[in-house]
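J.: From the sequence below, what's the structure:
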Amino acid sequence: MYGRSEEEWAKLTEAGLAFLIERARMNRPTSYTELNTTLVQRVGVSGFDFSRADERAAMGHLLWLVVEANRPESGLMISALVFYLNSNEAGPGFFGLAQELGLLPAKASRQQKEEFWVDQLRRLEERYSRFR
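T.: Numbers count the residues shown, from 1 in each chain. Prediction:
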């Protein structure tokens, strides 16, 4: 999928989840760019090219895999920690996945989305800060 093997996706998922848990324990969000750079360093694969729509979609797929790996244990969307560089908001894929999972209404308002995102961040801090 997206030109990567299942083995590569598994490694990216494991490394991505480990990195986001580290960030959650420090109560520090991250950017797509920083996540991408970290994955290249830790997994040793080519990074995602955000100038290409298919590569942006591939990063979204990875974050879906990371959420699916972590959510059964945490009950949360750990991808809430990832947002755009020089921005303070989650990407549309985050809210789309939340809607797909039934955590956010299909026609959620901007305010509902923001409140959901902030709540996820707060709950991630509560859950992981005890591991500092």
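
J.: and the gap between the nearest residue to residue 117 once chain neighbours are set aside and residue 14?
T.: In space, and not counting its chain neighbours, residue 117 is closest to residue 90: 5.1 Å by CB to CB, 6 or more residues apart in numbering. Any C-beta I mention is one placed from the backbone N, CA and C, and that applies to glycine too. Counting by CB to CB, to the nearest Å, the separation of residue 90 from residue 14 is 22 Å.

J.: Could you do residue 31 as well?
T.: 20 Å.

J.: which other residues reach the one helix or strand residue 63 maps to?
T.: Following DSSP states H and E, one finds residue 63 within helix 53-74. Helix 53-74 is contacted by residues 1-4, 9, 12-14, 16-17, 20-21, 32, 35-36, 48-50, 76-79, 82, 91, 93-94, 97, 101, 124, 127 when judged by CB atoms under 8 Å, 6 or more residues apart in numbering.

J.: Give me the subset of those residues lying in strands.
T.: If you go by DSSP state E, the contacts of helix 53-74 have residue 82 in strands.

J.: Put the buried members of the contacts of helix 53-74 into a PyMOL selection.
T.: Burial among the contacts of helix 53-74 is assessed by 16 or more other CB atoms under 10 Å; the matching PyMOL selection reads:
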select buried, resi 4+9+12+13+16+17+20+21+32+35+36+48+76+77+78+79+82+91+93+94+97+124+127
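
J.: This completes my enquiry, with thanks.
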